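>>> Sequence and predicted structure, then a few things I'm wondering about:
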Amino acid sequence: MKKMTNMTHIEGVIYEHKLEVKESGPNSQNPGTKFISGTIDIATDNAGINIVPVHFTYVTEKTKKGSTNATYTTLMNIIDGKYGTIMANGKENAAKLRIDSALGLNEFYSDRNGKEELVSAKRNEGGFVHLADSLNEDENTRNTFTCDMLITNVSIKEADEEKNLPEKAIVKGAIFDFRNSLLPIEFSAINPKAIAYFESLEASNTNPTFTKVWGRQVSETITRTITEESAFGEDSVREVKTSRKDFVITGASKEPYEWDSEDTITANELAEAITARETYLATIKQRQDEYKASQGANVAAPSNSGFNF
């Protein structure tokens, strides 16, 4: 399997953060190691509406080579308040950051209506953090993603005029992380030409399309004012907030990669990646069940019913 492309670029002003300094436990690979974990929310637009989170799982003070970890230093400066945030210090005093990250999945099993279901949420995972003196003038370049994607399904979601949401294509398939582990994922395409293009691929589980896609991350809360006229007296006025989170494809390679090729990825390599993911999900389930058992909760039997992205 070739080294897959999976990268995101986030730049903007720090909106707020939920970073913490922790210490690895006695059963970890490096017990007693201090590390930073948590999330930074970045306002990527000048209006401060598009708030994109970046998550950090394990950032240590030193790199594997023993040198100072610049990302750890930057995150610690945010925790200590040396770099301000919009929520704590106001927009004028908030620090500007550039973060080169990658797409990952935050996955866990959740009880829903008496049935345990896998929750799989896209997020920017880790990367390099740099203090910025200025931001790119083009806001559309501040919240981007680029991924090699194996497309297996394209469906159309009709427009929702009440919520002011346009018609879009849901492009489903998989991307890969830096270990080339398979990550089931879906993106959106809103441009009518993009919708027509992805529909024309006729991609399926038996006839996937392997290509490079790129686009923008949308994570905004829009407030709408609704006025209801009264038969007499004052009209009824209320505000309705709508959250919109989406990964919108804005471009794709003119020529897709060759599928089932040793130069890209073979069907056998994909099958191996799917098997590895099934094992990974079973491990997540087992750990969660063990934790529930330690808390005295009822434990459901581990589920490994196959994989279908």
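Received the coordinates, thanks. Residues are numbered from 1 along each chain as shown.

>>> Just give me the longest strand of this structure.
strand 209-228 (DSSP state E).

>>> Could you point out the longest helix of the protein?
In terms of residue count, the longest helix belonging to the chain (DSSP state H) is helix 267-294.

>>> which of the residues in that helix are buried?
Using 16 or more other CB atoms under 10 Å as the test for burial, helix 267-294 gives Glu269, Leu270, Ala273, Ile274, Arg277, Leu281, Lys285, Gln288, Asp289. Quick note: C-beta positions are derived from backbone N, CA and C, even for glycine.

>>> quick one: it to strand 209-228, angle?
50 degrees (axes from the mean of the first three to the mean of the last three CA atoms, to 10 degrees).

>>> mind checking how far helix 267-294 is from the chain centre?
Here helix 267-294 is found 20 Å from its chain centre; the criterion is CA atoms, centre = their mean, to the nearest Å.

>>> Then stretch 23-31?
The answer for stretch 23-31 is 27 Å, by CA atoms, centre = their mean.

>>> How about stretch 252-260?
Centroid separation between stretch 252-260 and its chain, computed with CA atoms, centre = their mean, is 23 Å.

>>> tell me how far the ends of it are from each other?
19 Å (CA to CA, to the nearest Å).

>>> could you dump the buried residues of helix 267-294 to a markdown table with distance to Val213?
Below are those laid out as a markdown table (distance: CB to CB, whole Å):
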| residue | distance to Val213 |
| --- | --- |
| Glu269 | 20 |
| Leu270 | 18 |
| Ala273 | 19 |
| Ile274 | 21 |
| Arg277 | 21 |
| Leu281 | 25 |
| Lys285 | 30 |
| Gln288 | 32 |
| Asp289 | 36 |
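
>>> Only C-alpha atoms, please: export stretch 139-148 in CSV.
Taking C-alpha atoms only, stretch 139-148 is exported to CSV below (Å, rounded to 0.1, in the frame of the first residue of the first chain):
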residue,chain,number,x,y,z
GLU,A,139,-10.4,32.6,4.9
ASN,A,140,-11.1,29.6,2.7
THR,A,141,-7.5,28.5,3.0
ARG,A,142,-7.6,28.4,6.8
ASN,A,143,-9.7,25.3,7.4
THR,A,144,-8.7,22.8,4.7
PHE,A,145,-8.3,19.0,4.4
THR,A,146,-6.7,16.8,1.7
CYS,A,147,-7.1,13.0,1.7
ASP,A,148,-6.6,10.0,-0.5
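
>>> buried residues in it?
Glu139, Arg142, Asn143, Thr144, Phe145, Thr146, Cys147, Asp148.

>>> Packing partners of the longest strand of the chain?
Judged by 3 or more CB pairs under 8 Å, 6 or more residues apart in numbering; DSSP states H and E, strand 209-228 is in contact with strand 51-60, strand 143-157, strand 236-252.

>>> between those, which gets nearest to Ile79?
strand 51-60 (11.1 Å; CB to CB).

>>> so how far is the very next helix or strand once past the closest one off the chain centroid?
Next helix or strand after strand 51-60 toward the C-terminus (DSSP states H and E): helix 70-79. Between the centre of helix 70-79 and the centre of its chain there are 22 Å (CA atoms, centre = their mean).

>>> by how many degrees do helix 70-79 and strand 51-60 diverge?
120 degrees.

>>> Residues contacting helix 70-79, please?
By CB atoms under 8 Å, 6 or more residues apart in numbering, the list of residues contacting helix 70-79 from outside reads 14, 17, 19-21, 36, 40, 56, 59-62, 83, 85, 95, 97, 127-131.

>>> CA-only coordinates of it in CSV, if you can.
Extracted in CSV, the C-alpha atoms of helix 70-79 (Å, rounded to 0.1, in the frame of the first residue of the first chain):
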residue,chain,number,x,y,z
ALA,A,70,7.9,22.8,20.2
THR,A,71,4.2,21.8,20.1
TYR,A,72,4.4,20.9,23.9
THR,A,73,5.9,24.4,24.6
THR,A,74,3.2,26.1,22.6
LEU,A,75,0.4,24.2,24.3
MET,A,76,1.8,24.9,27.7
ASN,A,77,1.9,28.6,26.9
ILE,A,78,-1.8,28.4,26.1
ILE,A,79,-2.5,26.5,29.4
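
>>> Flag the shaky bits of the stretch 1-150 of the chain, pLDDT-wise.
Counting by pLDDT under 70, the stretch 1-150 of the chain contains no low-confidence range.

>>> Now do the strands in it.
With DSSP state E, counting those that start in this stretch applied, the stretch 1-150 of the chain shows strands at 6-23, 34-43, 51-60, 96-101, 103-112, 115-125, 128-131, 143-157, listed in chain order.

>>> Buried residues in the fifth one, which are they?
Taking 16+ other CB under 10 Å as the basis for neighbour counts, the residues of strand 103-112 that come out buried are Leu103, Gly104, Leu105, Tyr109.

>>> so what's the most centrally placed residue in the chain up against?
Residue closest to the average C-alpha location in the chain (CA atoms, centre = their mean): Arg123, at 2.0 Å. Contacts here follow CB under 8 Å, 6+ apart; on that basis Arg123 touches Pro53, Val54, His55, Leu103, Gly104, Leu105, Asn106.
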